[in-house]
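Asker: output the structure for:
(2 chains)
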Amino acid sequence: MTSPVDALLRPLKIKNLTIRNRIMSTSHAPSYGSDGKPKERYQLYHEEKAKGGIGLTMFGGSSSVAVDSPAAPWNQISVADDSVIDHFREFSDRVHQHGAALMVQLTHMGRRTKWDTENWLPTVSASSKREPASRSIPKEMEDYDFKRIIGDYAAAARRCKLGGLDGCELSAAHGHLIDQFWSPSVNRRSDKYGGSLENRMRFGIEVLEAMRAEVGDDYVIGMRMSADELIDDGLTHEDCLTIARTYAERGLVDFINILGGQARDHLAHAIVLPNMSFPVAPFLALASAVKREVGVPVFHAQRVTDLNTAGRAVAEGHVDMVAMTRAHIADPHLVRKLMEGRVDDIRQCVGAGYCIDRIYAGGDALCIQNAATGRERTMPHIIPKTTGPKRRFVVIGGGPAGLEAARVAAERGHSVVLFERNAATGGQVTIAAKATWREALTGITRWLTQQVVKLGVDLRLGVEATEALVAAEKPDVVIVATGGTATRGDVKGTEHAVTVTDMLTGAVEPAESILIYDGTGQHHASSCAEYLAKRGASVEIATLDRMVGEEIGATNQPIHLRELYKLGVVLSPNLQLVEIYPEGNKRVAVLRNEFTHEEEERLVDQVVVEFGTLPNDGLYFNLKDRAVNRGQTDLPALLEGRAQPAVVKTAESGDYALFRIGDAVAGRNIHAAIYDAARLVKDL
Amino acid sequence: MIATALSSLILATLAAGAVLALQHARRWRAGQPAGVDIVAGLKALPGRYLVDVHHVVARKSFNARFHALTAGGFLASLPLLVLAAVPALRGWLLWGLLALALAVMLGGALMVGYRRRVEKPAELSQGRFKRLPYALLAYAAAFLVVALDQLAGGVLPWPLALAFVLAGAWGGAELILGVGRGPLKHALNGALHLVAHPRPARFHDRAGRDTGLRPADLEAPKLGSERPLDFAWNRLLGFDACVQCGRCEVACPAYAADLPLNPKKLIQDLVTAMDTAADGERRTDASYAGHNHPGRPIGLAQGGAALPLVGPGAMIHPDTLWACTTCRACVQECPMMIEHVDAVIDLRRFQTLELGATPAKAAAVLEELRVTDNPGGKPLARRTDWAVDLNLPLLAEKGQCDVLLWLGDGAFDLRVQRSLRALVGLMRRAGIDFAVLGEEELDSGDVARRLGDEATFQDLARRNIATLSRYRFGRIVTADPHALHVIRNEYPSFGGHWTVTHHTAFLLELVESGKLTLKGPTGGSVTYHDPCYLGRYNGEIEAPRRLLDAIGLQRVEMERSGLRSSCCGGGGGAPLTDVAGKRRIPDVRMDHARATGAERVAVACPTCTLMLEGVVGQRPAVAEISELVLEAVA
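Answerer: Okay, the predicted model is just below:
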């Protein structure tokens, strides 16, 4: 019986290139570039996918072809001069040795970038229309700009070919220069590059013709484009089909990589990079429509997180290659696991958007659940078996930190017992997942739980660990991952408040009018507000920040705000909670404006506060005295990837080494908890 | 007087037995002509009996011993009793020798009695066989008394002595007259079957193994066997040699899983059906006193020599015919050298080629094979889809190579692709000059042939042979024992002669010649499951074991292993005909593996891999030997 998934393992031939299967990763910007070059970290990140069996991995989302399209934002790659070629060569050798194909995305960002960085050159575009996302006002391109930029594209394509890459992709999506010309929302020109769609397509055609002339007909050049900008004044679906058909019929492109939407504003950004609130593959129909129009292979990415969806997309003929980009960030060995019949072992992307949100906040891409991604030099994706003695581990706490510690220890070959005082694993993830669309977070701990069960970890659910229980296991290593408890903070009268946790767990029933004070700017307050509003409460969120949920990234915050506005939640920034006092059955919250210091009061039924968590460290301090290392983690050993000296010692003394990880140390986030665990235990 | 009575009775019984035997011989002589070299067969008979038959019987040493004592004593006593007809020879020497022979036989008869009446192995038939120990004991004990009495000069009162003579004579009559239908028919039919055996090459004085199916003449007026009379006479003779010892029943994997097949009953069905001479005469299986095909009641099956054998109301139910995995465990165990699998295939050929009655998914797969040259109906180019990144050299591009890697249809399967990747990786490390046929490779024809579709088999075989003949290569290496068997043993009939090496033997060569270097012991325990088509069909049971030992795994054997291994359930098209039993054959086999406590089951055949991987629940992991070797190479 043929499974749709089988369709994914068929090769795809494009000109002289045969891609070994139909699963790819699209170009994106993990912010791993260094001096505008893809160096070791960047290369190792993609090499891991190649090792993991991927057919095609594309790197360098928005690699620049020209000096007025700076590579500096998000640490991207510059293909604007020949110094990149050697890096490309090293990169392609590295990926090719594992049988995968490698391509890069080339672009000129036009107005969608910063003028105040790198070369401090003004941005350019079809017309002088300000872009909301980058906030830049471009110069309207004049005759010599066309000549220069078209030449830059061609030269960049030549560098790709010289660098041994299997092809390149022209970005004409997310509002880059090519699609700035296409889109009537930007292009207001009246010359041969503006007006009719035919004229608006001209610039892109000239770019591709120049690239073709430079690298020849055999070299694979594709194009990434939207199949519907999903805005009133933008490109319609029909426009996009016309563009795709025209470019393909002229033999300019060897594949078309389709997405839905654009990215010029906050919500558009969240839609074009759909998070867990969206269904899987929300824009597959757009790619399928393009597939019907063109004779070249069609690629597609956008929240295809599972192999069954991917398999059907290919088997049913909607697309030729399915991109599972974030799915590979969660598990770069996805294809290998499919080939080995271990689909259950795939760590599936939950759509938290942690990876992409970090980029927009100026960080590097990291996976909320896989601590090895982007850290391939120091963190293994496949945990090696220990070559030393097999040890007895006791892990206390079945949240993400404890589960990951147990998983890694068991993968190392140690014997592990895990105590969890609740009847089920999950820890604080279970609480966070109670809030409406955040439910998919449970995928993180569900996978970890399934893995530890499979690895034979002795799970003691519903058992609160004590010193005696721990001692009875005669452990060599004790890991305390007891997590944290939401704190009500130290605002005057805070005893009259409840926490977000109290509300989400159902410990406290929501009343009619509720003020939520957001002291962290994270998902907690916003998702709790949505949860309460959906239960009929009248909700206001106050925060000291300039906006509610300010710490939430660019692909999640807009969804929160959209939902909160829809539900009529009042958003009140720039207010500090200074006091809570009771009045009858009600509570009065005193809020002080951050800028004017004027105070205002809210009379509500409940005040819900979010100030993060404080560690559950009672057991840790009880265990500390008997531990050979008194609970101390040797930081140099941890950072250098060596075994903790205390653990080496226990083998002789018979005592245990004690470590504390995750929120049991200090309240942080899921990634920190998992990284704490994996980084420590991988060397034990 | 006593002596005269003794020898006269025996002479009369022998004469009657001879008449009966001739009469019964008419049944098998009615079969189709067969080219048999009777003279060579007669010359080879003692050797075939003393070496080949003995080798099988001696797997149960107790049986071998009582057989030697009983048969030896009985056969020695017969000429002495005949000689006693000559008064001049009746002296102490004759009586002494007779007493000695009968004493030996008595010992054997007591052992037979112990086995049949005390031990009572479940596989033995009851009915007439129940009387066997009494007949043996009566003959041996009573005549022993008579012989001793004669030696002592006749001290017993004559009525008593005569009573002993009569008692012994009853035993003798039971035995000798049973040469037609009774337990002793194997003595005569068995010997004749050895003389006229349809596969003389299987005996020790020839190749020692002969397992390839014989080509069917597709121009013949009737394809395959419909009725008993459609079998060659020496095939019918072989069926008639069955003594219902039940060794096949014990070995049969289908029987073990309670599928409706008992090979012993299958042979007896054929014997019962051939028992009728006249057209239209019917007999039922009501007199059969052993285990039936599981799930089938006794008495329903009926047929005759000239009647169709297979059908829901006929002698053999179609489910019985299609439950066979062609694993040859029955053939391996049969002390009478009966060729059960040949019979099954002959019957299937008629069902498939003449009636189109191939059941379940098998018909669809045969259709795919006819149209697309592979069982899954996939484009042949997809055979190498999994290997794009391995850049497999194509023989069409290279023109020649040392090793032609025959990928087999497993190459279309995700699980098997993993082991093929391991094998290719090992060949690359060892620097082997190899190539594949790519889309020129067709299905070997194995499944079509086992399902009785000789026409499709021959078509695939001829076209594969034509392709292979266009190229120059040293030998064929394959990880598929079915392809190996077909190319090595069945293509020669169509003019294809190549050296075919199983990948386990090939990898062992690479390890032993130092082309593959090992890291040292990898550790862990493993039990090796012999593929039927590699072990029993081709006798290769050592190389995989030596390979596992070489890579340092702790090897434990299952209760059934080597040439006596038990089938995974995947051969003969059985997964396609999909006859239901109480259990699945691979589940039974996995029980054997579980019982060893080994961490992994090593397999060396794509079909075994898939069948055993399909077993659910807690079980040892299934690892193909290439994967284990890849883990172990430095």
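Asker: give me the pLDDT for residue B:176.
Answerer: At residue B:176, the pLDDT value in this model is 89.
Asker: no no, residue B:3
Answerer: The model reports residue B:3 with a pLDDT of 85.
Asker: how about the helix or strand where it lies: buried residues?
Answerer: Assessed by DSSP states H and E, residue B:3 sits inside helix B:2-29. Neighbour-count burial for helix B:2-29, with 16 or more other Cβ atoms under 10 Å in any protein chain shown as criterion, is recorded at B:2-3, B:5-7, B:9-10, B:13-14, B:17, B:20-21, B:24-25, B:27-28. All C-beta spots, glycine's among them, are computed from the backbone N, C-alpha and C.
Asker: and stretch A:259-275, by the same measure?
Answerer: With the criterion 16+ other Cβ under 10 Å, stretch A:259-275 contains buried residues A:259-264, A:266, A:268-275.
Asker: likewise stretch B:92-99?
Answerer: When neighbours are counted by 16+ other Cβ under 10 Å, the buried residues of stretch B:92-99 are found to be B:94, B:95, B:97, B:98, B:99.
Asker: so what's the residue in the stretch 501-650 of chain A that chain B sits nearest to up against?
Answerer: Using Cβ to the nearest Cβ, residue A:643 is the residue of the stretch 501-650 of chain A that sits closest to chain B, at 22.5 Å. Each residue near residue A:643 by Cβ atoms under 8 Å, 6 or more residues apart in numbering or on different chains is listed here: A:388, A:637, A:683, A:684.
Asker: all strands of the stretch 151-300 of chain A, in order?
Answerer: In the stretch 151-300 of chain A, strands defined by DSSP state E, counting those that start in this stretch lie at A:167-172, A:220-226, A:255-259, A:298-300, listed in chain order.
Asker: for those, give me CSV that also has distance to chain B.
Answerer: Formatted as CSV, those follow (distance: least, Cβ to the nearest Cβ, whole Å):
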stretch, distance to chain B
strand A:167-172, 16
strand A:220-226, 15
strand A:255-259, 17
strand A:298-300, 17
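Asker: mean pLDDT for the ones you listed - can I get that in JSON lines?
Answerer: Converted to JSON lines, these look like this (pLDDT from 0 to 100):
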{"stretch": "strand A:167-172", "mean pLDDT": "98"}
{"stretch": "strand A:220-226", "mean pLDDT": "98"}
{"stretch": "strand A:255-259", "mean pLDDT": "98"}
{"stretch": "strand A:298-300", "mean pLDDT": "98"}
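Asker: nearest to residue B:143, out of these?
Answerer: Of all those, the one in closest proximity to residue B:143, counting by Cβ to Cβ, is strand A:298-300 (92.5 Å).
Asker: what lines up beside that closest one in the sheet?
Answerer: Here strand A:298-300 has these sheet partners by DSSP bridges: strand A:255-259 (parallel), strand A:321-323 (parallel).
Asker: list of residues touching the shortest one?
Answerer: Residues from elsewhere that reach strand A:321-323 (Cβ under 8 Å, 6+ apart): A:8, A:12, A:19, A:22-26, A:55-56, A:255, A:257, A:297-301, A:304, A:310, A:313-314.
Asker: among those, which are in helices?
Answerer: With helices identified by DSSP state H, the entries of the contacts of strand A:321-323 that belong to them are A:310, A:313, A:314.
Asker: which residue packs closest to the last one, ignoring adjacent ones?
Answerer: Just to be clear, that refers to residue A:314. If the residues on either side of it in the chain are set aside, residue A:314 comes closest to residue A:7, at 4.4 Å by Cβ to Cβ, 6 or more residues apart in numbering or on different chains.
Asker: could you measure from that neighbour over to chain B?
Answerer: Taking Cβ to the nearest Cβ, to the nearest Å as the criterion, residue A:7 is separated from chain B by 10 Å.
Asker: what's the domain layout of the chain?
Answerer: Because you didn't say which chain, this covers chain A. When chain A is parsed with automatic domain parsing, its domains come out as A:4-360, A:392-485+A:615-681, A:488-611.
Asker: um, chain B though
Answerer: In the assignment given by automatic domain parsing, the structural domains of chain B cover B:2-195, B:221-354, B:376-511, B:514-632.
Asker: straight-line length of stretch A:302-317, end to end?
Answerer: By Cα to Cα, to the nearest Å, the extent of stretch A:302-317 from end to end equals 17 Å.
Asker: any buried residues in that stretch, and which?
Answerer: Taking 16+ other Cβ under 10 Å as the basis for neighbour counts, the residues of stretch A:302-317 that come out buried are A:302-307, A:309-315.
Asker: now that stretch: mean pLDDT?
Answerer: Rounded to a whole number, the mean pLDDT of stretch A:302-317 is 96.
Asker: residues contacting residue B:569?
Answerer: The neighbours of residue B:569, taking Cβ under 8 Å, 6+ apart as the test, are B:253, B:257, B:325, B:575, B:584, B:585, B:586, B:589, B:611.
Asker: ok, so of the residues you listed, who is nearest chain A?
Answerer: Top of the list for closeness to chain A, among those and by Cβ to the nearest Cβ, is residue B:575 at 11.9 Å.
Asker: my guess is the closest one contacts residue B:611, does it?
Answerer: Yes. The pair residue B:575 and residue B:611 passes the contact test of Cβ atoms under 8 Å, sitting 7.2 Å apart.
Asker: who's more crowded, those two?
Answerer: Set residue B:575 next to residue B:611 and count neighbours by other Cβ atoms under 10 Å in any protein chain shown: residue B:611 wins out with 27 against 23.
Asker: by contact count, what packs against the strand or helix carrying that one?
Answerer: Assigned by DSSP H and E, residue B:611 belongs to helix B:606-613. Using 3 or more Cβ pairs under 8 Å, 6 or more residues apart in numbering or on different chains; DSSP states H and E as the contact criterion, the elements in contact with helix B:606-613 are helix B:414-429, helix B:585-596, strand B:600-603, strand B:621-624.
Asker: now what about that helix, what contacts it?
Answerer: Residues beyond helix B:606-613 that count as contacts (Cβ under 8 Å, 6+ apart) turn out to be A:341, B:408-410, B:413, B:415-416, B:419, B:479-480, B:482, B:529, B:531, B:568-571, B:575, B:585-586, B:589-590, B:593, B:601, B:603, B:622, B:624.
Asker: and if we set it to 6 Å?
Answerer: Applying Cβ atoms under 6 Å, 6 or more residues apart in numbering or on different chains, the contact partners of helix B:606-613 are B:410, B:415-416, B:480, B:529, B:531, B:568-570, B:586, B:603, B:622, B:624.
Asker: same check on stretch B:427-438?
Answerer: Counting contacts by Cβ under 6 Å, 6+ apart, the residues touching stretch B:427-438 from outside are B:384, B:392-395, B:398, B:401-403, B:405, B:407, B:510, B:515-516.
Asker: can you rerun that using 7 Å?
Answerer: For stretch B:427-438, contacts defined as Cβ atoms under 7 Å, 6 or more residues apart in numbering or on different chains pick out B:383-384, B:392-396, B:398, B:401-405, B:407, B:467, B:510, B:515-516, B:633.
Asker: before we move on, what about stretch B:443-453?
Answerer: Counting by Cβ under 7 Å, 6+ apart, the neighbours of stretch B:443-453 from elsewhere in the structure are B:213, B:224, B:326, B:345, B:348-349, B:351-353, B:358, B:362, B:365-366, B:369, B:373-375, B:408-409, B:456-457, B:460-461, B:464, B:482-483, B:486-487, B:571-573.
Asker: so for it, mean pLDDT?
Answerer: If you average the per-residue pLDDT over stretch B:443-453, you get 98.
Asker: again with stretch B:323-331
Answerer: Per-residue pLDDT values across stretch B:323-331 average out to 98.
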